[in-house]
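# with the sequence up front, the predicted model follows.
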Amino acid sequence: MPRIAEIEFTPNPNARKFILREPLTYGVSKSYENAEQAQGDELAEALFAIPHVSNVFYVDTWITVTQDGKAHWPALLRQLAVPIRDAPSAQERSAELIGEAAGGVDGAPRVQREMTPEEQAKLSAIREMLDQEVRPYLQGDGGDLHVVDLEGKVLKVHYQGACGSCPSSISGTLAGIEGMVRRIDPELEVIAV
């Protein structure tokens, strides 16, 4: 039963990040953009059952909940706290989580096509750069980013959590990422999907 240590603002005014005393997962991220996607995840289902919840993202000792902008945060936070406190900890769910981690399930869209060795090397370098230079900051703000695909000169990325609907991630952060990946390939274009 995770206890809430603190609640943080994020750059997205419609998202809040809950810092927990116990992990919900062991490195496996869960990202849901609607109630249908959340089916089968008890915590996410309970959060989406609360009016105005539009996105749920969690990993390890934090969870970010995004609302549609129509709820009053103080009242919504009280409602959100109940299912978060009642959720089983990662230790209580360890067998299930170990199986998911071994299978690589993290809620991220996967590259579905065969890639050339050159594309694989480029994608590996991009992922390493994003893991070191971008994702820690996004995670600090209650969100995350996953690479969806590299097709020709187009890198497709998907924002999660607070970043999914944050105006700065769609413009400023995306431009910053594009500038960074152009160190690997000056012709790359980055789009959010």
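Arrived safely. Since this is a predicted model, take the numbers as computed values, not measurements.
# quick check: longest helix of this structure.
Identified as the longest helix of the chain according to DSSP state H is helix 117-133.
# please parse the protein into its domains.
4-103, 117-192 (automatic domain parsing).
# tabulate those domains (JSON lines), appending mean pLDDT.
Output for the domains of the chain, formatted as JSON lines (pLDDT from 0 to 100):
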{"stretch": "domain 4-103", "mean pLDDT": "89"}
{"stretch": "domain 117-192", "mean pLDDT": "84"}
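# okay, those in JSON lines with mean neighbour count next?
No exception for glycine: its C-beta is placed from N, CA and C like everyone else's. Supplementary listing: the domains of the chain in JSON lines, determined by neighbours: other CB atoms under 10 Å:
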{"stretch": "domain 4-103", "mean neighbour count": "17"}
{"stretch": "domain 117-192", "mean neighbour count": "17"}
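# what's the residue nearest the centre of the chain sitting at in phi/psi?
For the chain, residue 160 is the residue whose C-alpha lies nearest the centre (CA atoms, centre = their mean; 3.3 Å). Note on residue 160: its backbone torsions stand at phi -130, psi 160 [degrees, to the nearest 10].
# any figure for the gap between it and residue 58?
10 Å (CB to CB, to the nearest Å).
# what do you get for residue 164?
In terms of CB to CB, residue 164 sits 13 Å off from residue 58.
# picking that back up, who touches the longest helix of the chain?
Here helix 117-133 makes contact (CB atoms under 8 Å, 6 or more residues apart in numbering) with 111, 115, 145, 147, 150, 155, 177, 180, 181, 183, 184, 185.
# also stretch 5-15?
Under CB under 8 Å, 6+ apart, the answer for stretch 5-15 is 16-21, 54-55, 64-69, 77, 141-143, 161-163, 165-169.
# can I get that stretch in CSV, CA atoms only?
Taking Å, rounded to 0.1, in the frame of the first residue of the first chain, the C-alpha atoms of stretch 5-15 are listed here in CSV:
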residue,chain,number,x,y,z
ALA,A,5,5.1,11.4,0.4
GLU,A,6,4.4,14.6,-1.5
ILE,A,7,2.4,16.0,-4.4
GLU,A,8,4.3,18.2,-7.0
PHE,A,9,3.3,20.6,-9.6
THR,A,10,4.4,19.9,-13.1
PRO,A,11,5.0,22.3,-16.0
ASN,A,12,1.7,21.0,-17.3
PRO,A,13,-1.0,22.9,-15.3
ASN,A,14,-3.4,20.0,-15.8
ALA,A,15,-1.1,17.4,-14.3
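# circling back to that earlier point, the residue nearest to the centre of the chain bridge partners, please.
For residue 160, the beta-bridge partners under DSSP bridges are residue 144.
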